[in-house]
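Visitor: Test case, fold it:
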Amino acid sequence: MTALMLVATMAPVMATRADLARARALYNERQFDGAIEASTAAQRTPATADAATVVLARAHLERYRERADPSDLAAARVALGTVRAASLDARDANDLLLALGEALFFEDDYGAAAQLFESGLIGARMLGPDPGDAMLDWWGSAVERHADRLAPESRAGVLGRLRDRMAMELARNPSSGAAAYWVVVGARGSGDADAAWDSAIAGWVRVRLAGGGSASLRADLDQLVLEGVIPDRVRQLPPEHRAQAETDLRTDWALVKERWK
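Guide: Numbers count the residues shown, from 1 in each chain. All right, here's what the predicted structure looks like:
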């Protein structure tokens with residue numbers, strides 16, 4: 001094969017891989033219309049078709065989150081049904097599993113979504129902290145939504161398991177922002193408001209390990225403490241003591257935030 005023939009043969013492959021790279025870049029920039037267009041182009045070549053279809057499905061899912069257009073959810077479901085998982089590398093397979101779970105989540109099948117996300121926790125963690133935290137965060141969200149539909153006793157058990165798993169994740173990776181948040185949710189939901197309070201303070205202090213997500217994590221923890229944990233702790237007290245206790249707890253929380261800026 002002459003050099004000219006080799007270039008001619010490789011050019012279409014390079015072009016389609018460029019389409020796939022562009023689709024991923026646009027997805028990461030949250031330009032989902034462009035990601036859909038680029039991934040559709042990358043689907044035309046077998047070498048990139050399945051990976052491109054994963055990007056296409058995820059872009060439709062994110063656009064569904066933004067616009068609540070059922071056609072995006074339907075398009076994502078169709079795309080996911082055509083992916084040949086055996087052809088994907090580890091990262092694309094992780095993204096496929098994440099997308100399948102998201103699709104179930106958006107269809108309100110929270111229990112099934114939680115099972116899919118949980119099955120991907122170990123594999124996602126092996127890819128790095130960001131994929132691991134993304135899968136962990138989706139799992140926590142699905143478990144919480146699923147638990148909201150259960151009877152109080154069952155709900156406490158499910159959220160207690162969430163607390164225990166998130167504590168284990170923090171022991172493995174103290175910088176996990178997802179685990180720092182969901183361990184508080186799990187403790188609170190299992191009926192241990194005091195442990196939720198302690199976990200929230202620990203999470204606020206530990207947030208300096210979380211890197212780029214620290215501001216978002218602190219905002220989420222602050223809302224959770226003010227709207228959930230403090231009212232839960234106050235509710236345990238006799239009615240005549242609740243107003244002062246709430247004031248004291250809010251003051252204590254403000255001091256934590258001031259001391260650990």
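Visitor: what's around R44, how many residues?
Guide: R44 has 13 neighbours, counted by other CB atoms under 10 Å. Glycine gets a C-beta too; all of them are placed from N, C-alpha and C.
Visitor: Now do the SS call for it.
Guide: Secondary structure, DSSP: H, G, I helix; E, B strand; the rest coil: R44 is coil.
Visitor: Phi first, then psi, for it.
Guide: phi -70, psi -10 (degrees, to the nearest 10).
Visitor: and if you look at Q31?
Guide: The phi/psi pair for Q31 (degrees, to the nearest 10) is phi -100, psi 80.
Visitor: which stretches of the stretch 151-261 of the chain have low pLDDT?
Guide: Along the stretch 151-261 of the chain, segments meeting pLDDT under 70 span 212-213.
Visitor: list the helices and strands the host helix or strand of E258 packs on?
Guide: Per DSSP states H and E, E258 falls inside helix 239-259. Here helix 239-259 touches helix 193-206, helix 230-235, going by 3 or more CB pairs under 8 Å, 6 or more residues apart in numbering; DSSP states H and E.
Visitor: element containing the closest residue to R24 other than its chain neighbours, please.
Guide: Among residues not flanking R24 along the chain, V55 sits closest, at 5.9 Å (CB to CB, 6 or more residues apart in numbering). Taking DSSP H and E as the criterion, V55 maps to helix 46-67.
Visitor: how far out from the middle of the chain is that helix?
Guide: 17 Å (CA atoms, centre = their mean, to the nearest Å).
Visitor: Point out the other elements, helices or strands, that it touches.
Guide: helix 3-28, helix 32-42, helix 70-80, helix 90-106.
Visitor: among the ones you listed, which gets the worst mean confidence?
Guide: Across those, the stretch with the lowest average pLDDT is helix 3-28; it has a mean of 67.
Visitor: Which positions within the helix holding E258 qualify as buried?
Guide: Using 16 or more other CB atoms under 10 Å as the burial criterion, the residues of helix 239-259 that qualify are A245, E246, L249, W253.
Visitor: Count residues in the vicinity of I122, would you?
Guide: For I122, using other CB under 10 Å, the count is 10.
Visitor: Sorry, wrong one. I was asking about F117.
Guide: 27.
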